[in-house]
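Undergrad: Here's my sequence, what's the structure:
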Amino acid sequence: MRRRDLLATSALMLAGLPLIQRAQSAEPAARTAFDFAWLKGRARTLSATPYAAVTSTYPAALQQLDWDGYQAIRFRPERALWADTSLPFRIQFFHLGLHYREPVRMHEVADGNVHDVNYDASMFDYGRSGIDATRLPADLGFAGFRIHFHTDFAHDITVFLGASYFRAIGGAKQYGLSARGLAVDCGLTRPEEFPRFTEFWLVRPAPGATQLTVYALLDSPSIAGAYRFDIAPGDTQTMRVDAALYPREAIERLGIAPLTSMFLCAPHDRRVRDDWRPSIHDSDGLAMHTGTDEWIWRPLANPAAVRVNAFADSAPRGFGLLQRDRNFDHYQDDGAYYDRRPSLWVEPLSGFAKGAVDLLEIPTSDETADNIVAFWNAAEAAVPQQELLYAYKLYWGASPPVTSPLARAAISWSGIGGIVGQPHDYFSWRFVVDFSGGPLASLAADAKVEAVVTSSSGALELISARPLQPIRGYRAMFDVRPVNRRDSVDLRLFLRANGRALSETWSYQWTPPAQT
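TA: Numbers count the residues shown, from 1 in each chain. You can find the predicted model right below:
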């Protein structure tokens with residue numbers, strides 16, 4: 001794992017976690033039969049008891065590891081789970097250290113029977129880490145694990161590491177944004193709570209299997225939960241997720257299917273403009289397919305202050321954080337390869353009724369810090385002694401599994417408004433959005449295409465839409481003259497001809513730059 005990849009996964013997590021984290025359930029796994037019903041029962045029982053915060057023993061030597069020292073600890077591939085078989089999947093484990101300070105219990109499930117997977121220092125090569133393995137506890141435990149597939153056992157395809165975070169790759173074999181099991185009170189004025197996956201059950205795959213099943217127990221002060229992941233590698237890696245949640249306490253904002261990413265800068269948002277690269281982001285927009293069959297594209301931003309937006313919906317058909325711009329020239333990064341970062345799409349299957357897709361955007365000046373979170377927030381608050389059941393499918397790859405039949409917003413720009421060469425004695429800001437695909441390429445040359453723009457405040461000026469042959473689409477442009485320089489402005493734009501929508505809806509919240 002690359003340094004920026006690992007830190008991006010853990011940056012937000014660390015903000016709310018103590019150095020010695022809360023302890024996992026001490027209940028032993030001494031049983032012979034295992035299924036999801038049993039795990040749900042265990043989570044429900046756990047939620048009926050007070051959350052026990054205990055101090056875990058964490059060796060001082062591991063506390064003192066820096067980045068290079070932690071990276072020097074390598075798992076020995078020949079010790080991977082199922083490495084001595086011809087099975088299509090293998091599991092390697094992460095050592096405790098650096099940001100990962102509390103052990104996670106691991107189990108193998110074979111023919112319904114559970115076998116503990118125990119830590120053994122001989123599984124690891126400690127290299128130049130400076131760690132004397134003989135001085136570590138024999139029952140130290142693991143920090144997490146990664147999944148390898150037979151098409152390329154040398155490289156992992158999925159990682160579960162830190163709190164309830166996990167990540168996966170698509171066909172480009174590049175990690176990027178992360179998902180989480182759950183988000184609790186994310187984006188409120190008080191500190192966020194970070195539930196943890198405290199135990200995993202790895203189901204031994206059948207010979208020739210094309211998917212791997214993983215179960216997990218989640219725990220935190222306000223909620224417990226049981227999870228099942230059915231993971232299928234491919235050019236688009238898919239995961240079916242089934243979650244059973246049992247609140248201990250009332251939860252104000254429960255984030256289902258949370259996605260976490262990084263956005264630093266792009267042509268439409270250059271608030272951070274001291275880097276030579278044109279664009280730096282793991283994702284460039286939030287896409288939504290609403291229950292009313294509207295397609296919405298919201299370009300991400302790196303705001304000057306934390307902001308949360310909610311997009312109300314009922315029975316959403318899908319949402320996700322996407323990396324639409326896949327042009328290397330727009331990034332010029334031959335190390336991070338942001339143009340190859342996967343998009344992540346959520347397809348709700350059950351449990352998603354009335355609520356909203358929430359989007360949290362946090363200021364950052366550092367590309368190693370995740371500052372974007374999106375999740376489903378049910379309208380009905382979670383209360384104790386309740387069972388909440390959700391099922392959804394995750395798609396990790398270059399593009400979502402479904403696309404709008406309408407034209408999509410390919411890229412956005414913004415900059416100073418006005419007409420070049422003419423006096424401009426007031427402040428305005430220009431937005432430029434290129435639309436391509438859908439019906440645009442087949443429009444008649446004399447088609448009367450209009451840009452339909454609405455604004456929550458301020459005046460709209462110089463609205464236009466004109467053909468753009470290089471992309472076989474249209475370029476929409478407009479200026480916004482704000483009422484003041486303090487308040488944010490909500491903007492919406494789509495293309496229309498003869499009363500019919502030609503494009504998805506481009507939606508953006510713009511905060512005018514401070515007056516100088």
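Undergrad: For this protein, give me the ranges with low pLDDT.
TA: Scanning the chain for pLDDT under 70 picks out the ranges 1-32, 54-56, 516.
Undergrad: burial measure for the residue lying closest to residue 482 once chain neighbours are set aside, as a count.
TA: In this structure, residue 482 finds its nearest non-sequential neighbour in residue 458, 4.3 Å apart by C-beta to C-beta, 6 or more residues apart in numbering. Where you see a C-beta, it was placed from the backbone N, CA and C, and this is true even at glycine. Using other C-beta atoms under 10 Å, residue 458 has 19 neighbouring residues.
Undergrad: Same question for residue 82.
TA: Residue 82 has 16 neighbours, counted by other C-beta under 10 Å.
Undergrad: so what's it closest to, chain neighbours aside?
TA: Nearest to residue 82 is residue 90, by C-beta to C-beta, 6+ apart, at 5.1 Å.
Undergrad: wait, isn't that neighbour in contact with residue 154?
TA: No. Here residue 90 lies out of contact with residue 154, judged by C-beta atoms under 8 Å, at a distance of 10.6 Å.
Undergrad: Compare the two (neighbour count), which wins?
TA: Neighbours were counted for residue 90 and for residue 154 using other C-beta under 10 Å; residue 90 has more, 21 against 6.
Undergrad: For the one helix or strand the more buried one maps to, name the packing helices and strands.
TA: In this structure, residue 90 sits in strand 89-94 according to DSSP states H and E. Packing partners of strand 89-94 (3 or more C-beta pairs under 8 Å, 6 or more residues apart in numbering; DSSP states H and E): strand 74-75, strand 144-149.
Undergrad: how much distance is there from the very next helix or strand once past the longest one to the middle of the chain?
TA: Per DSSP H and E, strand 144-149 leads on to strand 156-161 as the next helix or strand towards the C-terminus. Strand 156-161 has its average C-alpha position 14 Å from the chain's average C-alpha position, going by C-alpha atoms, centre = their mean, to the nearest Å.
Undergrad: picking that back up, what's across from the residue nearest to residue 82 in the sheet?
TA: residue 148 (DSSP bridges).
Undergrad: Deepest in the core, which of the helices and strands packed on strand 89-94 is it.
TA: Mean neighbour count, computed with mean count of other C-beta atoms under 10 Å, is highest for strand 144-149 among the helices and strands packed on strand 89-94, reaching a mean of 22.
Undergrad: Could you name the helices and strands sitting against it?
TA: strand 89-94, strand 156-161.
Undergrad: Distance to residue 106 added to these, as JSON lines?
TA: Converted to JSON lines, these look like this (distance: least, C-beta to C-beta, whole Å):
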{"stretch": "strand 89-94", "distance to residue 106": "7"}
{"stretch": "strand 156-161", "distance to residue 106": "10"}
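Undergrad: who wins for proximity to residue 207 among those strands?
TA: Residue 207 lies closest, by C-beta to C-beta, to one member of the helices and strands packed on strand 144-149: strand 89-94, at 10.8 Å.
Undergrad: Measure how far that closest one is from the centre of its chain, please.
TA: Centre-to-centre, strand 89-94 and its host chain are 22 Å apart (C-alpha atoms, centre = their mean).
Undergrad: could you pull out the strands for the stretch 401-516 of the chain?
TA: With DSSP state E, counting those that start in this stretch as the criterion, the stretch 401-516 of the chain has strands at 408-416, 429-436, 450-455, 459-468, 473-481, 489-497, 500-501, 505-510.
Undergrad: Give the pairing partners of the third one; include direction for each.
TA: Taking DSSP bridges as the criterion, strand 450-455 pairs within the sheet with strand 489-497 (antiparallel).
Undergrad: Hey, what's the angle from the partner strand to strand 459-468? Just curious.
TA: Computed by axes from the mean of the first three to the mean of the last three C-alpha atoms, to 10 degrees, the angle separating strand 489-497 from strand 459-468 equals 40 degrees.
Undergrad: quick one, phi/psi of residue 121?
TA: Backbone geometry at residue 121, expressed as degrees, to the nearest 10, gives phi -60, psi -30.
Undergrad: Touching, it and residue 136? I think so.
TA: Yes. Under the criterion of C-beta under 8 Å, residue 121 is in contact with residue 136, at a separation of 5.9 Å.
Undergrad: circling back to that earlier point, ok, the residue nearest to residue 82 to residue 83 distance?
TA: Note on residue 90: its distance to residue 83, by C-beta to C-beta, to the nearest Å, is 5 Å.
Undergrad: Common neighbours of these two, please.
TA: Taking C-beta atoms under 8 Å, 6 or more residues apart in numbering as the contact rule, the neighbours common to residue 90 and residue 83 are residue 77.
Undergrad: okay, now the domains of this structure?
TA: Here the domain assignment for the chain is 3-397, 408-510, based on automatic domain parsing.
Undergrad: what do residue 90 and residue 154 both touch?
TA: Common neighbours of residue 90 and residue 154 (C-beta under 8 Å, 6+ apart) are 77, 148.
Undergrad: how about the helices in the protein?
TA: Counting by DSSP state H, the chain has helices at residues 3-15, 36-47, 60-63, 67-71.
Undergrad: how about the shortest one: buried residues?
TA: Of the residues in helix 60-63, those buried by neighbour count under the rule 16 or more other C-beta atoms under 10 Å are 61, 62.
Undergrad: and that helix, what other elements does it pack with?
TA: Here helix 60-63 touches no other helix or strand, going by 3+ C-beta pairs under 8 Å, 6+ apart.
Undergrad: ok, now the second one?
TA: With contacts defined as 3+ C-beta pairs under 8 Å, 6+ apart, the packing partners of helix 36-47 are strand 212-220, strand 223-232, strand 237-247.
Undergrad: 6 Å instead?
TA: For helix 36-47, the packing partners by 3 or more C-beta pairs under 6 Å, 6 or more residues apart in numbering; DSSP states H and E come out as strand 223-232, strand 237-247.
Undergrad: Export the ones you listed to a markdown table and append columns for mean neighbour count.
TA: Formatted as a markdown table, the helices and strands packed on helix 36-47 follow (neighbours: other C-beta atoms under 10 Å):
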| stretch | mean neighbour count |
| --- | --- |
| strand 223-232 | 22 |
| strand 237-247 | 21 |
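Undergrad: Columns distance to residue 485 on top of the ones you listed, output as TSV?
TA: Formatted as TSV, these follow (distance: least, C-beta to C-beta, whole Å):
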stretch	distance to residue 485
strand 223-232	42
strand 237-247	43
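Undergrad: Of the ones you listed, which is nearest residue 169?
TA: Residue 169 lies closest to strand 237-247 among these, at 6.5 Å (C-beta to C-beta).
Undergrad: Alpha carbons only: can I get that closest one in PDB?
TA: Provided in PDB are the C-alpha atoms of strand 237-247 (Å, rounded to 0.1, in the frame of the first residue of the first chain):
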ATOM      1  CA  GLN A 237     -15.300  -5.500  -8.400                       C
ATOM      2  CA  THR A 238     -18.700  -6.000  -6.700                       C
ATOM      3  CA  MET A 239     -19.600  -6.500  -3.100                       C
ATOM      4  CA  ARG A 240     -23.100  -7.400  -1.900                       C
ATOM      5  CA  VAL A 241     -23.400  -6.100   1.700                       C
ATOM      6  CA  ASP A 242     -26.000  -7.200   4.200                       C
ATOM      7  CA  ALA A 243     -26.100  -5.300   7.500                       C
ATOM      8  CA  ALA A 244     -28.200  -5.900  10.600                       C
ATOM      9  CA  LEU A 245     -27.900  -3.000  13.000                       C
ATOM     10  CA  TYR A 246     -28.900  -2.900  16.700                       C
ATOM     11  CA  PRO A 247     -28.600   0.600  18.400                       C
END
